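J.: Have a look; sequence and predicted model below, questions after that.
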Amino acid sequence: MALARRRSSMIANLSEGVAAFTSNAYLVTGERTVLVDAGANYDVVSAVREHVDDLDGVVLTHTHDDHVENVPALREAFGVETWGFDPGREHVDHGIADGGTVTLGEHDYEALHTPGHKEDHLVFLSRAAGVGFVGDLVFAGGSFGRTDLEEGDSRKLVESIERLTAFLDDRGTAIDVCYAGHGPAIDGPIDGVEASLRAARFAR
């Protein structure tokens, strides 16, 4: 299972190699050991325990089933609570506001509300860590999140990718990699996100 060291936190994609329909689920270890997205349809609890004995929390980019179905198992095994944009949603215990911060591993990450793929979608970005978690907003290879599901909106998606692009343009030298909700990470993310933005604009 691949591990990526980014400054002083360790990040592992626990869904790597899983032959099931699931999102990526990123274990970020450090001062606050957190799972970014819970995944679905596999034993994520055993995967966590291959790396750490306990979790401090679960942070959700959004609440599509493939990102949250493992939440009950994580709650039962580790007694953890969850954080996401809308605490009125199933599987979300605590809200993270647009512009709020959350600690993942050793660093604070800024949360940006980025609807379009789903209304409660968030991305998390840390200049200090050099890392972003972008959920299903954008993917490697210039792809982007689908908008034909409930709460999808192509106009909002383009606006959200524009917002992410502006963040990276402003602080682009500081963000080394963005971890997406599916597929590989986006290295050199400003170019990759701009490619996703062009594709999303064309598809509208």
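T.: Looks like it arrived, so ask away.

J.: rest of the way, CA atoms for contacts and neighbours
T.: OK.

J.: Val123: what secondary structure?
T.: Look at Val123: counting by DSSP: H, G, I helix; E, B strand; the rest coil, its state is strand.

J.: Make residue 1 into 266 and carry on from there
T.: Done: numbering now begins at 266, and the last item shifts to Val388.

J.: Quick one: mean pLDDT for the longest helix belonging to the chain?
T.: If you go by DSSP state H, the chain has its longest helix at helix 419-436. Helix 419-436 shows a mean pLDDT of 93.

J.: For that helix, give me every contacting residue.
T.: 378-382, 392, 402-403, 410, 412, 440, 454-455, 458-459, 461-462, 465-466, 469 (C-alpha atoms under 8 Å, 6 or more residues apart in numbering).

J.: do you know how far Lys383 is from Glu296?
T.: Lys383 sits 30 Å away from Glu296, taking C-alpha to C-alpha, to the nearest Å as the criterion.

J.: Among the two, which residue is more densely surrounded?
T.: Using other C-alpha atoms under 10 Å, the more surrounded residue of Lys383 and Glu296 is Lys383, with 25 against 14.

J.: So which elements touch the longest strand belonging to the chain?
T.: As assigned by DSSP state E, the longest strand anywhere in the chain is strand 372-378. Contact partners of strand 372-378 among helices and strands, from 3 or more C-alpha pairs under 8 Å, 6 or more residues apart in numbering; DSSP states H and E: strand 366-369, strand 387-391.

J.: so what's the closest residue to Asp418 other than its chain neighbours up against?
T.: Residue nearest to Asp418 in three dimensions, not counting chain neighbours: Gly381, with 4.6 Å by C-alpha to C-alpha, 6 or more residues apart in numbering. Gly381 sits next to Leu402, Thr412, Glu416, Gly417, Asp418, Ser419, Arg420, Lys421, Leu422, Val423, Ser425 when contact means C-alpha under 8 Å, 6+ apart.

J.: quick one, what contacts the third one?
T.: In this case it means Glu416. Applying C-alpha under 8 Å, 6+ apart, the residues contacting Glu416 are Gly381, His382, Lys383, Glu384.

J.: repeat for Phe343
T.: Asp319, Leu320.

J.: For it, give its distance to Glu427.
T.: Per C-alpha to C-alpha, Phe343 is found 37 Å from Glu427.

J.: Leu325 too?
T.: 21 Å.

J.: Check Arg297 too.
T.: Separation of Arg297 from Glu427 (C-alpha to C-alpha) stands at 30 Å.

J.: what packs against the strand or helix carrying Val310?
T.: In this structure, Val310 sits in helix 309-314 according to DSSP states H and E. The contact analysis (3+ C-alpha pairs under 8 Å, 6+ apart) places helix 309-314 against helix 336-343.
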